[in-house]
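Q: following is a predicted model, sequence given first.
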Amino acid sequence: MLAAELRSRRLFAQGLRGPDASRPAPTTAPEVVRRALAVQAQEYLPAQWGLAQRIAPDGRPDAAAVAAAIDRGEILRTHVLRPTWHFVAPDDARWLLELSAPRVRRQMAGTIRKAGWDGEAGTRAVDVVARSVAGGHRTRGEIAQELERAGLPTAGLLFVLLIAELELVAISGASAGRQRTYAAFDERVPAAAPRPREEALAELVDRALSTRGPATVRDLAAWSGSTLGDVRTALAAASERSRGRIERFDDDEEELWHDAEVAAAWSARPAARAAHDDDGERVDLLQGYDEYIMGYAMPRAYLQPPGVEAPIIPEFPLHAMLAGGVMVGRWAPVVQGGRATLRVLPWRVFSRGERRSLDAGLAEVGAFLGMSTDVAFEPMDGE
(Lines give C-alpha, C1' and ligand atoms only; values in the text may rest on other atoms or scores of the structure.)
Protein backbone atom coordinates (compact mmCIF):
# COMPACT_ATOMS: atom_id res chain seq x y z
CA MET A 1 0.00 0.00 0.00
CA LEU A 2 1.32 3.43 -0.88
CA ALA A 3 2.15 5.65 2.08
CA ALA A 4 -0.37 8.33 1.05
CA GLU A 5 -3.23 5.82 1.08
CA LEU A 6 -2.07 4.34 4.37
CA ARG A 7 -2.04 7.80 5.96
CA SER A 8 -5.48 8.59 4.59
CA ARG A 9 -7.02 5.37 5.87
CA ARG A 10 -5.42 5.74 9.29
CA LEU A 11 -6.39 9.39 9.73
CA PHE A 12 -9.96 8.42 8.86
CA ALA A 13 -10.08 5.43 11.22
CA GLN A 14 -8.45 7.49 13.95
CA GLY A 15 -11.30 10.00 13.86
CA LEU A 16 -9.03 12.82 12.68
CA ARG A 17 -10.95 12.86 9.39
CA GLY A 18 -14.54 12.11 8.64
CA PRO A 19 -17.35 11.82 9.36
CA ASP A 20 -17.34 8.02 9.34
CA ALA A 21 -20.63 6.77 7.92
CA SER A 22 -20.08 3.31 9.47
CA ARG A 23 -20.81 4.57 13.00
CA PRO A 24 -22.15 7.61 14.90
CA ALA A 25 -19.69 10.45 15.34
CA PRO A 26 -18.51 10.91 18.94
CA THR A 27 -19.92 13.98 20.68
CA THR A 28 -18.12 13.69 24.02
CA ALA A 29 -14.59 12.92 25.20
CA PRO A 30 -15.71 9.70 26.98
CA GLU A 31 -17.14 8.47 23.67
CA VAL A 32 -13.79 9.08 21.98
CA VAL A 33 -12.01 7.07 24.68
CA ARG A 34 -14.53 4.24 24.50
CA ARG A 35 -14.14 4.02 20.73
CA ALA A 36 -10.32 4.02 20.90
CA LEU A 37 -10.29 1.53 23.83
CA ALA A 38 -7.09 3.01 25.32
CA VAL A 39 -5.50 6.40 24.63
CA GLN A 40 -1.92 7.15 25.69
CA ALA A 41 -2.12 10.00 28.19
CA GLN A 42 1.02 10.75 30.16
CA GLU A 43 0.92 14.45 29.21
CA TYR A 44 -2.33 15.40 30.91
CA LEU A 45 -3.53 18.56 29.14
CA PRO A 46 -2.23 17.72 25.64
CA ALA A 47 -3.84 14.27 25.92
CA GLN A 48 -7.18 15.94 26.63
CA TRP A 49 -6.76 18.05 23.49
CA GLY A 50 -6.16 14.80 21.61
CA LEU A 51 -9.63 13.63 22.69
CA ALA A 52 -11.38 16.92 21.94
CA GLN A 53 -9.98 17.30 18.45
CA ARG A 54 -11.69 14.07 17.41
CA ILE A 55 -15.06 15.77 17.97
CA ALA A 56 -16.55 18.10 15.35
CA PRO A 57 -15.60 21.74 16.08
CA ASP A 58 -19.21 22.91 16.42
CA GLY A 59 -19.73 20.55 19.37
CA ARG A 60 -16.18 20.24 20.67
CA PRO A 61 -15.71 20.37 24.46
CA ASP A 62 -13.14 22.70 25.97
CA ALA A 63 -10.44 21.71 28.43
CA ALA A 64 -12.65 22.39 31.43
CA ALA A 65 -15.36 20.07 30.10
CA VAL A 66 -12.92 17.23 29.39
CA ALA A 67 -11.32 17.64 32.82
CA ALA A 68 -14.77 17.54 34.42
CA ALA A 69 -15.52 14.23 32.68
CA ILE A 70 -12.27 12.84 34.09
CA ASP A 71 -13.13 14.12 37.57
CA ARG A 72 -16.55 12.46 37.36
CA GLY A 73 -14.89 9.15 36.49
CA GLU A 74 -16.36 8.97 32.98
CA ILE A 75 -12.75 8.71 31.80
CA LEU A 76 -10.14 6.96 33.92
CA ARG A 77 -6.37 7.29 33.75
CA THR A 78 -4.15 4.37 34.68
CA HIS A 79 -1.13 2.32 33.63
CA VAL A 80 -2.40 -0.29 31.22
CA LEU A 81 -1.20 -2.23 28.13
CA ARG A 82 2.34 -0.89 28.58
CA PRO A 83 4.06 0.80 31.54
CA THR A 84 2.62 4.19 30.67
CA TRP A 85 -0.50 6.24 31.37
CA HIS A 86 -3.62 5.65 29.28
CA PHE A 87 -7.16 6.99 29.32
CA VAL A 88 -9.73 4.17 29.42
CA ALA A 89 -13.48 3.93 29.87
CA PRO A 90 -14.71 2.58 33.24
CA ASP A 91 -16.30 -0.46 31.58
CA ASP A 92 -12.99 -1.38 29.96
CA ALA A 93 -10.59 -0.68 32.83
CA ARG A 94 -11.03 -3.96 34.70
CA TRP A 95 -10.62 -6.43 31.85
CA LEU A 96 -7.81 -4.46 30.23
CA LEU A 97 -5.85 -4.40 33.48
CA GLU A 98 -6.54 -8.07 34.16
CA LEU A 99 -5.20 -8.84 30.68
CA SER A 100 -2.13 -6.62 30.66
CA ALA A 101 -1.13 -6.14 34.32
CA PRO A 102 0.85 -9.41 34.62
CA ARG A 103 2.91 -8.45 31.57
CA VAL A 104 3.48 -4.88 32.79
CA ARG A 105 4.46 -6.20 36.22
CA ARG A 106 7.05 -8.49 34.62
CA GLN A 107 8.43 -5.63 32.54
CA MET A 108 8.77 -3.43 35.62
CA ALA A 109 9.98 -6.16 38.02
CA GLY A 110 13.64 -5.14 37.94
CA THR A 111 12.87 -1.46 38.46
CA ILE A 112 10.45 -2.20 41.29
CA ARG A 113 13.02 -4.46 42.95
CA LYS A 114 15.76 -1.80 42.72
CA ALA A 115 13.35 0.71 44.28
CA GLY A 116 12.84 -1.68 47.20
CA TRP A 117 9.15 -2.31 46.66
CA ASP A 118 9.11 -5.97 45.75
CA GLY A 119 8.05 -8.70 48.16
CA GLU A 120 6.72 -7.89 51.64
CA ALA A 121 7.54 -4.17 51.46
CA GLY A 122 5.41 -3.75 48.35
CA THR A 123 2.56 -5.75 49.86
CA ARG A 124 2.54 -3.62 53.02
CA ALA A 125 2.68 -0.41 51.00
CA VAL A 126 -0.22 -1.40 48.75
CA ASP A 127 -2.26 -2.26 51.87
CA VAL A 128 -1.60 1.29 53.09
CA VAL A 129 -2.74 2.69 49.73
CA ALA A 130 -5.91 0.57 49.91
CA ARG A 131 -6.78 1.88 53.38
CA SER A 132 -6.02 5.45 52.33
CA VAL A 133 -8.22 5.53 49.21
CA ALA A 134 -11.02 3.66 51.00
CA GLY A 135 -11.60 6.92 52.87
CA GLY A 136 -11.80 9.09 49.74
CA HIS A 137 -9.71 10.39 46.88
CA ARG A 138 -6.13 11.02 47.94
CA THR A 139 -3.26 13.01 46.44
CA ARG A 140 0.23 11.52 46.24
CA GLY A 141 1.26 13.72 49.14
CA GLU A 142 -1.57 12.41 51.31
CA ILE A 143 -0.69 8.81 50.46
CA ALA A 144 2.96 9.54 51.27
CA GLN A 145 1.89 10.74 54.71
CA GLU A 146 0.04 7.47 55.29
CA LEU A 147 3.14 5.51 54.32
CA GLU A 148 5.19 7.52 56.82
CA ARG A 149 2.66 6.84 59.57
CA ALA A 150 2.97 3.13 58.78
CA GLY A 151 6.75 3.34 59.17
CA LEU A 152 7.42 2.90 55.46
CA PRO A 153 9.67 5.06 53.26
CA THR A 154 8.19 7.37 50.64
CA ALA A 155 11.06 7.16 48.15
CA GLY A 156 9.79 5.44 45.02
CA LEU A 157 6.16 6.25 45.82
CA LEU A 158 5.32 6.16 42.11
CA PHE A 159 6.22 2.48 42.02
CA VAL A 160 3.97 1.76 44.98
CA LEU A 161 1.11 3.48 43.20
CA LEU A 162 1.89 1.59 39.98
CA ILE A 163 1.66 -1.72 41.86
CA ALA A 164 -1.63 -0.58 43.42
CA GLU A 165 -3.01 0.13 39.97
CA LEU A 166 -1.87 -3.19 38.55
CA GLU A 167 -3.41 -5.04 41.52
CA LEU A 168 -6.77 -3.27 40.97
CA VAL A 169 -6.52 -1.42 44.26
CA ALA A 170 -6.35 2.20 43.04
CA ILE A 171 -7.13 4.22 39.94
CA SER A 172 -7.45 7.90 39.04
CA GLY A 173 -9.73 10.05 41.17
CA ALA A 174 -11.10 13.57 40.93
CA SER A 175 -8.62 16.43 40.81
CA ALA A 176 -7.86 18.33 44.02
CA GLY A 177 -7.10 21.75 42.65
CA ARG A 178 -4.12 21.30 40.36
CA GLN A 179 -3.20 17.93 41.84
CA ARG A 180 -4.26 14.51 40.55
CA THR A 181 -5.66 12.01 43.04
CA TYR A 182 -6.12 8.27 43.42
CA ALA A 183 -9.43 6.59 44.24
CA ALA A 184 -10.45 3.07 45.23
CA PHE A 185 -10.56 0.94 42.09
CA ASP A 186 -13.93 -0.63 42.90
CA GLU A 187 -15.45 2.80 43.51
CA ARG A 188 -14.69 3.98 39.96
CA VAL A 189 -14.81 0.71 37.99
CA PRO A 190 -17.97 -1.41 37.64
CA ALA A 191 -17.85 -4.99 38.87
CA ALA A 192 -17.51 -7.59 36.11
CA ALA A 193 -16.70 -11.27 35.82
CA PRO A 194 -13.17 -12.09 34.60
CA ARG A 195 -12.89 -12.68 30.86
CA PRO A 196 -11.08 -15.66 29.38
CA ARG A 197 -7.70 -14.46 28.14
CA GLU A 198 -8.34 -15.54 24.53
CA GLU A 199 -11.63 -13.64 24.47
CA ALA A 200 -10.01 -10.52 25.91
CA LEU A 201 -7.19 -10.60 23.35
CA ALA A 202 -9.68 -10.97 20.49
CA GLU A 203 -11.65 -7.96 21.68
CA LEU A 204 -8.44 -6.02 22.14
CA VAL A 205 -7.33 -6.38 18.52
CA ASP A 206 -10.89 -6.02 17.18
CA ARG A 207 -11.43 -2.67 18.84
CA ALA A 208 -7.88 -1.52 18.20
CA LEU A 209 -8.33 -2.00 14.45
CA SER A 210 -11.60 -0.05 14.43
CA THR A 211 -9.60 3.13 15.12
CA ARG A 212 -6.07 2.19 14.03
CA GLY A 213 -6.39 0.12 10.86
CA PRO A 214 -4.78 -0.72 8.59
CA ALA A 215 -2.14 -2.07 10.98
CA THR A 216 0.41 -4.84 10.91
CA VAL A 217 0.82 -7.60 13.45
CA ARG A 218 3.93 -5.75 14.65
CA ASP A 219 1.92 -2.54 15.05
CA LEU A 220 -0.70 -4.26 17.17
CA ALA A 221 1.92 -6.02 19.28
CA ALA A 222 3.85 -2.80 19.91
CA TRP A 223 0.68 -0.87 20.78
CA SER A 224 -0.78 -3.50 23.09
CA GLY A 225 2.44 -4.80 24.61
CA SER A 226 1.44 -8.31 23.49
CA THR A 227 3.60 -10.93 21.82
CA LEU A 228 3.44 -11.44 18.06
CA GLY A 229 2.09 -14.93 18.67
CA ASP A 230 -0.72 -13.67 20.89
CA VAL A 231 -1.66 -11.05 18.31
CA ARG A 232 -1.79 -13.56 15.46
CA THR A 233 -3.99 -15.89 17.51
CA ALA A 234 -6.20 -12.97 18.54
CA LEU A 235 -6.58 -11.77 14.93
CA ALA A 236 -7.79 -15.20 13.85
CA ALA A 237 -10.30 -15.26 16.72
CA ALA A 238 -11.43 -11.68 16.03
CA SER A 239 -11.92 -12.44 12.34
CA GLU A 240 -14.05 -15.47 13.19
CA ARG A 241 -16.19 -13.79 15.83
CA SER A 242 -16.73 -10.70 13.65
CA ARG A 243 -17.70 -12.89 10.68
CA GLY A 244 -14.93 -11.46 8.57
CA ARG A 245 -15.30 -7.80 9.50
CA ILE A 246 -11.78 -7.99 10.92
CA GLU A 247 -9.81 -9.17 7.94
CA ARG A 248 -6.41 -9.15 6.34
CA PHE A 249 -6.05 -6.37 3.80
CA ASP A 250 -5.52 -7.57 0.24
CA ASP A 251 -1.94 -6.36 -0.03
CA ASP A 252 0.96 -8.36 -1.37
CA GLU A 253 3.73 -6.48 0.41
CA GLU A 254 2.65 -6.36 4.04
CA GLU A 255 0.41 -8.27 6.38
CA LEU A 256 -2.02 -5.43 7.03
CA TRP A 257 -5.26 -5.97 8.95
CA HIS A 258 -8.28 -3.68 9.16
CA ASP A 259 -11.95 -3.33 10.05
CA ALA A 260 -13.78 -3.90 6.77
CA GLU A 261 -16.74 -1.70 7.76
CA VAL A 262 -14.49 1.28 8.48
CA ALA A 263 -12.60 0.60 5.25
CA ALA A 264 -15.87 0.51 3.30
CA ALA A 265 -16.89 3.87 4.77
CA TRP A 266 -13.52 5.31 3.75
CA SER A 267 -13.99 4.01 0.19
CA ALA A 268 -17.55 5.36 0.00
CA ARG A 269 -16.60 8.97 0.76
CA PRO A 270 -17.98 11.43 -1.80
CA ALA A 271 -15.28 12.92 -4.03
CA ALA A 272 -15.48 16.33 -2.35
CA ARG A 273 -15.20 14.78 1.09
CA ALA A 274 -12.22 12.68 0.06
CA ALA A 275 -10.49 15.69 -1.46
CA HIS A 276 -10.99 17.64 1.75
CA ASP A 277 -9.79 14.75 3.94
CA ASP A 278 -6.75 14.04 1.80
CA ASP A 279 -5.69 17.64 1.24
CA GLY A 280 -1.91 17.57 1.56
CA GLU A 281 -1.95 21.12 2.96
CA ARG A 282 -4.23 20.25 5.87
CA VAL A 283 -2.33 20.77 9.12
CA ASP A 284 -2.95 18.77 12.29
CA LEU A 285 -1.66 19.76 15.72
CA LEU A 286 -1.42 16.46 17.58
CA GLN A 287 -0.21 15.71 21.06
CA GLY A 288 3.19 14.01 20.87
CA TYR A 289 1.79 10.70 22.12
CA ASP A 290 -1.29 10.76 19.91
CA GLU A 291 -2.59 7.35 18.82
CA TYR A 292 -1.88 8.32 15.18
CA ILE A 293 1.78 8.21 16.24
CA MET A 294 1.96 5.77 19.15
CA GLY A 295 -0.60 3.32 17.78
CA TYR A 296 2.03 1.86 15.42
CA ALA A 297 5.46 0.28 15.69
CA MET A 298 8.74 2.01 14.97
CA PRO A 299 10.10 3.34 12.66
CA ARG A 300 6.70 4.83 11.63
CA ALA A 301 7.83 5.54 8.09
CA TYR A 302 4.38 6.87 7.14
CA LEU A 303 5.19 9.98 9.19
CA GLN A 304 8.53 10.64 7.52
CA PRO A 305 8.88 13.83 5.46
CA PRO A 306 11.44 14.11 2.66
CA GLY A 307 14.92 14.73 3.96
CA VAL A 308 14.26 13.48 7.51
CA GLU A 309 15.66 10.02 8.15
CA ALA A 310 15.52 9.80 11.94
CA PRO A 311 12.49 7.87 13.28
CA ILE A 312 9.65 10.06 14.52
CA ILE A 313 9.45 9.80 18.30
CA PRO A 314 7.82 11.96 21.00
CA GLU A 315 9.96 14.90 22.12
CA PHE A 316 8.09 16.31 25.12
CA PRO A 317 7.49 19.18 25.78
CA LEU A 318 7.18 19.45 22.00
CA HIS A 319 4.30 17.86 20.14
CA ALA A 320 3.61 16.77 16.57
CA MET A 321 2.70 19.13 13.73
CA LEU A 322 1.67 17.42 10.50
CA ALA A 323 0.58 18.40 7.00
CA GLY A 324 -1.28 15.75 5.07
CA GLY A 325 -0.46 13.28 7.84
CA VAL A 326 3.31 13.84 7.49
CA MET A 327 5.50 15.52 10.11
CA VAL A 328 6.39 19.10 9.22
CA GLY A 329 7.47 20.41 12.63
CA ARG A 330 6.74 20.55 16.32
CA TRP A 331 4.53 22.69 18.50
CA ALA A 332 3.81 23.12 22.20
CA PRO A 333 1.09 24.70 24.35
CA VAL A 334 2.80 26.54 27.21
CA VAL A 335 0.28 27.51 29.91
CA GLN A 336 1.38 29.88 32.64
CA GLY A 337 -0.40 32.41 34.81
CA GLY A 338 -3.77 32.09 33.12
CA ARG A 339 -2.32 32.65 29.64
CA ALA A 340 -1.15 30.28 26.94
CA THR A 341 1.60 30.61 24.39
CA LEU A 342 1.45 28.26 21.43
CA ARG A 343 5.02 27.65 20.29
CA VAL A 344 5.38 26.70 16.62
CA LEU A 345 8.64 25.15 15.38
CA PRO A 346 8.38 24.47 11.62
CA TRP A 347 10.86 22.21 9.84
CA ARG A 348 10.37 23.97 6.52
CA VAL A 349 8.62 26.91 4.87
CA PHE A 350 4.85 26.47 4.75
CA SER A 351 2.68 27.04 1.71
CA ARG A 352 -0.16 29.55 1.90
CA GLY A 353 -2.67 26.75 2.22
CA GLU A 354 -0.71 25.12 5.01
CA ARG A 355 -0.40 28.43 6.83
CA ARG A 356 -4.16 29.03 6.62
CA SER A 357 -4.82 25.55 7.98
CA LEU A 358 -2.21 26.01 10.71
CA ASP A 359 -3.73 29.32 11.80
CA ALA A 360 -7.17 27.69 11.98
CA GLY A 361 -5.75 24.82 14.04
CA LEU A 362 -4.01 27.18 16.45
CA ALA A 363 -7.29 29.05 16.91
CA GLU A 364 -9.02 25.75 17.72
CA VAL A 365 -6.39 24.93 20.35
CA GLY A 366 -6.84 28.40 21.86
CA ALA A 367 -10.60 27.91 22.02
CA PHE A 368 -10.08 24.52 23.67
CA LEU A 369 -7.79 26.00 26.32
CA GLY A 370 -10.34 28.74 27.06
CA MET A 371 -7.80 31.42 27.91
CA SER A 372 -5.91 34.28 26.33
CA THR A 373 -3.52 32.79 23.81
CA ASP A 374 -0.45 34.07 21.98
CA VAL A 375 1.36 32.38 19.11
CA ALA A 376 5.16 32.36 18.94
CA PHE A 377 6.86 31.13 15.75
CA GLU A 378 10.41 30.01 16.34
CA PRO A 379 13.09 30.03 13.62
CA MET A 380 13.84 26.94 11.60
CA ASP A 381 17.21 25.26 11.95
CA GLY A 382 19.80 27.21 10.01
CA GLU A 383 18.00 30.55 10.19
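A: On my side now, so go ahead. Numbering: from 1, shown residues only.

Q: which residues of the stretch 251-383 of the chain fall in helices?
A: 260-267, 271-277, 291-294, 352-369 (DSSP state H, counting those that start in this stretch).

Q: just the stretch 51-200 of the chain next, same as before
A: With DSSP H, counting those that start in this stretch as the criterion, the stretch 51-200 of the chain has helices spanning 63-71, 90-114, 119-134, 140-149, 157-166, 185-188, 197-212.

Q: what's the longest strand in the chain?
A: Longest strand of the chain, by residue count under DSSP state E: strand 326-336.

Q: ok, back up a step: most tightly surrounded among the helices of the stretch 251-383 of the chain?
A: Most buried of these, by mean neighbour count (mean count of other Cβ atoms under 10 Å): helix 291-294, with a mean of 23. The C-beta positions use only the backbone N, C-alpha and C, and glycine is treated the same way.

Q: which strands and helices sit next to that helix?
A: In terms of contacts (3 or more Cβ pairs under 8 Å, 6 or more residues apart in numbering; DSSP states H and E), helix 291-294 is packed against strand 39-40, strand 283-286.

Q: quick one: Val160 and Gly116 touch, right?
A: No: taking Cβ atoms under 8 Å as the definition, Val160 is not a contact partner of Gly116, at 10.0 Å.

Q: these two - which one has more neighbours?
A: Val160 (28 against 15; other Cβ atoms under 10 Å).

Q: tell me the pLDDT at the more buried one?
A: We have a pLDDT of 97 for Val160.

Q: for it, give me its contacts.
A: 117, 122, 125-126, 129, 143, 147 (Cβ atoms under 8 Å, 6 or more residues apart in numbering).

Q: show me what whichever strand or helix holds Leu235 is packed up against.
A: Counting by DSSP states H and E, the element that carries Leu235 is helix 228-241. Other helices and strands packing on helix 228-241, by 3+ Cβ pairs under 8 Å, 6+ apart, are helix 197-212, helix 217-224, strand 246-248.

Q: distance to Ile293 added to the helices of the stretch 51-200 of the chain, as JSON lines?
A: As requested, the helices of the stretch 51-200 of the chain are exported to JSON lines (distance: least, Cβ to Cβ, whole Å):
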{"stretch": "helix 63-71", "distance to Ile293": "20"}
{"stretch": "helix 90-114", "distance to Ile293": "20"}
{"stretch": "helix 119-134", "distance to Ile293": "33"}
{"stretch": "helix 140-149", "distance to Ile293": "28"}
{"stretch": "helix 157-166", "distance to Ile293": "24"}
{"stretch": "helix 185-188", "distance to Ile293": "28"}
{"stretch": "helix 197-212", "distance to Ile293": "11"}
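
Q: among the helices of the stretch 251-383 of the chain, which is nearest Ala47?
A: Closest to Ala47 of the helices of the stretch 251-383 of the chain is helix 291-294 (Cβ to Cβ; 10.2 Å).

Q: average pLDDT across the closest one?
A: pLDDT averaged over helix 291-294 gives 97.

Q: what's in contact with it?
A: 10-11, 14, 16, 36, 39-40, 50, 211-212, 223, 284, 286, 300, 303, 312, 314, 320, 325.

Q: the same query, at a cut-off of 6 Å, please.
A: 14, 40, 320 (Cβ atoms under 6 Å, 6 or more residues apart in numbering).

Q: please name the nearest non-neighbouring residue to Arg197.
A: Leu99 (6.7 Å; Cβ to Cβ, 6 or more residues apart in numbering).

Q: would you check that that neighbour makes contact with Glu199?
A: No: between Leu99 and Glu199 there is no contact, the gap being 9.8 Å when judged by Cβ atoms under 6 Å.

Q: which one of these two has more residues nearby?
A: Leu99 (23 against 14).

Q: how deep is the nearest residue to Glu378 once chain neighbours are set aside tucked in, by neighbour count?
A: Closest residue to Glu378 apart from its sequence neighbours, by Cβ to Cβ, 6+ apart: Leu345 at 4.9 Å. Leu345 has 18 neighbouring residues, counting by other Cβ under 10 Å.

Q: looking at it, Leu345 is touching Arg330, isn't it?
A: Yes: if you go by Cβ under 6 Å, Leu345 and Arg330 touch, sitting 4.5 Å apart.

Q: can you list residues touching both of these two?
A: Common neighbours of Leu345 and Arg330 (Cβ under 6 Å, 6+ apart) do not exist.

Q: one step back: and of the contacts of Val160, the nearest to Glu354?
A: Ile143 (47.1 Å).

Q: just checking, the closest one touches Arg131?
A: No: using Cβ under 6 Å, Ile143 is not in contact with Arg131, being 10.0 Å away.

Q: pick out whichever of those two has more residues nearby.
A: Ile143 (23 against 11).

Q: not including adjacent chain positions, what is the nearest residue to the more buried one?
A: Closest to Ile143 by Cβ to Cβ, 6+ apart is Ser132, at 5.2 Å.

Q: could you list every residue that touches Asp374?
A: If you count contacts by Cβ under 6 Å, 6+ apart, then Asp374 has Thr341 around it.

Q: circling back to that earlier point, against Ser372, how distant is the residue nearest to Glu378?
A: Using Cβ to Cβ, to the nearest Å, one obtains 21 Å as the distance from Leu345 to Ser372.

Q: can you verify my assumption that Ile320 contacts Gln287?
A: For the record, residue 320 is Ala, not Ile. No: assessed by Cβ under 6 Å, Ala320 is found out of contact with Gln287, at 7.3 Å.

Q: these two - which one has more neighbours?
A: Legend: neighbour count by other Cβ under 10 Å for Ala320 and Gln287, higher for Gln287 (28 against 23).
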